[in-house]
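Undergrad: Below is the structure, and that's it, no one-letter string:
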């Protein structure tokens, strides 16, 4: 039996959605990310990817909403801020130099830091 509310349940679906976005399958990405809810509801990376999928489908209001949720879920995450800035520039100046940010580099960096911290954590030994 699995708990579909547990964040680990959403991870494979979020990874599949990231691959779908890269393949241009935005409808599939939205479906996968929506099916990972509520497990991913506090995951800034998942919200950002959902925003990217909506943006690629030219669903601007939904994209802005998802980027806002991503920033609330994870204020340290830069990708949704970059994506929201790009939408602002597109609508204000009709162009933007910002690329769509999936957040991959931030995710890899966090995983690396977590692994490094796990290696440094002292192991308690019984006396």
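TA: Perfect, thanks for sending it. As the structure is a computational prediction, the values presented were derived from the model and not from experiment. Numbers count the residues shown, from 1 in each chain.
Undergrad: So for the lowest-mean-pLDDT helix or strand in the chain, what gets flagged as buried?
TA: Lowest by mean pLDDT, DSSP states H and E among the helices and strands of the chain is helix 104-120, with a mean of 73. Using 16 or more other Cβ atoms under 10 Å as the test for burial, helix 104-120 gives 106-107. Using the backbone N, CA and C atoms, a C-beta is placed for each residue, glycine as well.
Undergrad: now what about it, what contacts it?
TA: The contact list for helix 104-120 (Cβ atoms under 8 Å, 6 or more residues apart in numbering) reads 18, 45, 77-79.
Undergrad: from the middle of its chain, how far away would it be?
TA: Using Cα atoms, centre = their mean, to the nearest Å, the mean C-alpha position of helix 104-120 is found 16 Å from that of the whole chain.
Undergrad: How about stretch 26-34?
TA: Centre to centre, stretch against its chain (Cα atoms, centre = their mean), the figure for stretch 26-34 is 13 Å.
Undergrad: Kindly report the same for stretch 73-80.
TA: Using Cα atoms, centre = their mean, the offset of stretch 73-80 from its chain centre is 9 Å.
Undergrad: if you average pLDDT over that stretch, what comes out?
TA: Mean per-residue pLDDT for stretch 73-80: 94.
Undergrad: Which residues does that stretch contact?
TA: Outside stretch 73-80, the residues touching it (Cβ under 8 Å, 6+ apart) are 41-45, 47-48, 51, 66-68, 70-71, 101-103, 106.
Undergrad: Show me which residues of it are buried.
TA: 73-74, 77, 79-80.
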